[in-house]
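In: task: produce atomic coordinates for the following.
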Amino acid sequence: MLRYGTIAFIALFVVLLALFAIFAAATAVYQRTLNLRKRNHSNKKIYPKLLSVFVGLASLFFSLILLTLSSFDYIHWALCATLSSIIFCLVWAFHTGNAQEWYRAYRGRSYAPLSAASKRTILIQIALLLALCIFSFFISWATSHICISVFPVHVSTRITRPASKDVCLQRDPCHVYLTVGSDLAHELIVHVHSSHKYGKLTVAMSRQSHPDAKTASEYEISVKSLEHEVKYLETPRFIYYISLVNLTADTTYYFRLVDNEPMADQKAVFTREYSFLTGPAAGPTSNPFSFVAGGDMGVGFNTGVMTGIAAAQNPLFVAMGGDLAYDNSMPACYRVWDEWFDMLADKLVTPQGRLTPYLVAPGNHEAGNFWQTDKDLFSLYRPYFVRESLNGRDPLSMPSYSSHKIGSLLLLSLDSDVYVSAEDQKNWLDASLAASEQRWLSAIYHAPMWPSVRAVDDPISLNIREAWGPIFEKNGLDIAFENHDHAYKRSKPMMSSKGPSPDPSRGTLHVGDGKWGLGESFREPSLRDYNAFVSPSAYILVVSVNDTLLSGRAIDLNSGTLDSFSITGFSTQIRSGNN
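Out: So this is what the prediction gives:
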């Protein structure tokens, strides 16, 4: 499936190509008309200058076609500028008679010497032509590396981006955040973004806070980092991953980032103190906890408001089901991600001041569209969210789906036909659910299996329903957090591949459809035969988990309760043999 950047390019390219073809055809037709009238000595009035207009417009739109190719990085901007300059020179030299007259005069072959006024006119034309060529080089350079993001709509180029700050050039480190590991009780991954290489970045960590610490020696744990350089960006970007393992359940940890062996041109690093809370011990039973789930975020005002509301719920972690920053997987949109990370760093801080770990699943706007299975595909999502210890592996080689144990909850992050097909995840999905000892089985992914806005036979929904539905039903998946449709829905208990369960006490609950603060939906959700409740409102889900009940509350932009639900466990019935 074509990426959104490619679709935008094709649309613009086709429009410009059509305009070029129109004026090129007009040029040819009008030139033929002039030739016929001269040959026939026609007395009809003709307008030779109109031919110049047609030629000029045709060459202009052809240059804009080249400029479009350059803006979307299909050709180098210098090649675009060179070809455009050649076109301008050819149009001037061969369409006007001045070039030939000037050449003959200066070679002594002119039938009549050029007047001083004619020479001045030609020199002025040459100066204007040179200025046009210089402008062609400038505009080709200035409009290259285009970024087109949405929610809100934002278009930037190489020349416009310097007007806004590049946070990674202004502070060090520029982003620090956590992702949930395979078991939140014992593993988290610290991500650190920087515009330069560190000499030896480590995490100095302790169970005790040391707010006045001056050196790393005051913390009893030290963990080394693994470096990854993000390529193809306009400015340097390095990401450092620090896998924190063998942690103790239900424990607050405090840490600082330390680099006591900086590179020659850098200063030593000793950051402020951060903190986080590990999850309860994994198993059939655990201490109660709560988390926030949602998706389809963007960086608009409402998203910031909703993120603040999410932080106020004091979640153990946040599960985000894709379409996070809406960068459309365009290299030039890296600052959209920076803005998104800054928003979360500012808003998603618990009342105790702790960092809230992220658990994410990919959306179509992370990859540029669905079915982007090319392993060499550029994507910032993959290096930006590592969800298990790398152990020396390349973050780009990690799978786009993962399994996470949080106390009595198993939460699977699935890839709904974004980087990997749903079909290719079937065996892993079945094995992960079957082997789980957790009381509750759940999954988060982007495209809904049972949509509230798009058609129920939408190709993506149909594909994942056929691939995963029987596995959900076989293993008794309790709840699925869905996104993508920019609405809120709560389904009836579903036999996921068939439809609503005939027994209301059995089946998978599908909730969500993703609208973490976005604006108006492009279509209203509909209360179909499989939905129990729908709403166009923005929302987040606050999910509370204990050993006997999993309950959820959808909260709107006014902090009001939009919907609520509770389940006692489909998976428990399946395991008990109550089929």
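In: look up phi and psi at Ala259.
Out: Let me fix one detail, which is that residue 259 is Asp and not Ala. phi -140, psi 100 (degrees, to the nearest 10).
In: ok, the one 10 residues further on next?
Out: Main-chain dihedrals, Val269, degrees, to the nearest 10: phi -110, psi 130.
In: please apply the same query to Ala532.
Out: The phi/psi pair for Ala532 (degrees, to the nearest 10) is phi -100, psi -30.
In: repeat for Ile309
Out: Given degrees, to the nearest 10, the pair of backbone angles that Ile309 has is phi -60, psi -40.
In: now it, nearest residue through space, not along the chain?
Out: In space, and not counting its chain neighbours, Ile309 is closest to Ser559: 5.6 Å by C-beta to C-beta, 6 or more residues apart in numbering. C-beta coordinates here come from the backbone N, C-alpha and C atoms, glycine included.
In: where's the one you found, which helix or strand?
Out: Using DSSP states H and E, Ser559 sits in no helix or strand.
In: ok, it to Ala538 distance?
Out: 12 Å (C-beta to C-beta, to the nearest Å).
In: neighbours of Ser329, how many?
Out: 21 (other C-beta atoms under 10 Å).
In: I misspoke; the intended subject was Cys133.
Out: By other C-beta under 10 Å, the residues close to Cys133 number 17.
In: just to be sure, it is in a helix?
Out: Yes - with DSSP: H, G, I helix; E, B strand; the rest coil as the criterion, Cys133 is located in a helix.
In: which residues touch it?
Out: For Cys133, the contact set (C-beta atoms under 8 Å, 6 or more residues apart in numbering) comprises 81, 84-85, 88-89.
In: what residues are up against Val53?
Out: Contacts of Val53 by C-beta under 8 Å, 6+ apart: none found.
In: if I've got this straight, it is in a helix?
Out: Yes - checked against three-state DSSP, Val53 lies within a helix.
In: more neighbours, Ser559 and Ala538?
Out: Ala538 (28 against 12).
In: sorry, back to before: looking at the contacts of Cys133, which are in strands?
Out: Assigned to strands by DSSP state E, none of these qualify.
In: who wins on neighbours among those residues?
Out: Neighbour max across the contacts of Cys133 (other C-beta under 10 Å) = Ser84, 26 neighbours.
In: now do the phi/psi pair for the residue nearest to Ile309.
Out: Per degrees, to the nearest 10, the backbone of Ser559 is at phi 70, psi 20.
In: hmm, it is touching Gly308, no?
Out: No - in this structure, Ser559 is not within contact of Gly308 by C-beta atoms under 8 Å, at 9.7 Å.
In: using the three-state scheme, assign Ala311.
Out: helix.
In: please look at it and Thr350 and confirm they touch.
Out: Yes - using C-beta under 8 Å, Ala311 is in contact with Thr350, at 6.0 Å.
In: which neighbours do those two share?
Out: With C-beta under 8 Å, 6+ apart as the test, Ala311 and Thr350 both reach Thr356.
In: one step back: tell me which of the contacts of Cys133 is nearest to Glu227?
Out: Nearest to Glu227, judged by C-beta to C-beta, of the contacts of Cys133 is Ala81 at 36.6 Å.
In: what's the closest one in contact with, if anything?
Out: Applying C-beta under 8 Å, 6+ apart, the residues contacting Ala81 are 70, 133, 136-137, 139-141.
In: go through the residues you listed and name the one nearest Gln170.
Out: Trp141 (24.2 Å).
In: neighbours around that closest one, how many?
Out: Trp141 has 17 nearby residues by other C-beta under 10 Å.
In: just the element for it, please.
Out: Using DSSP H and E, Trp141 falls in helix 116-142.
In: what is the rounded mean pLDDT of that helix?
Out: Averaged across helix 116-142, the pLDDT comes to 76.
In: ditto for stretch 177-193
Out: 97.
In: list the buried residues of that stretch.
Out: Buried residues in stretch 177-193, counting neighbours by 16 or more other C-beta atoms under 10 Å, are found at 177-181, 183-193.
In: now the helices for the chain?
Out: Taking DSSP state H to define them, one finds helices in the chain at 4-39, 48-71, 77-95, 98-106, 116-142, 167-170, 301-312, 334-347, 364-367, 381-384, 426-435, 459-475, 570-575.
In: need the contact list for Val360.
Out: Val360 neighbours (C-beta under 8 Å, 6+ apart): 179, 319-322, 324, 381, 385, 387, 413.
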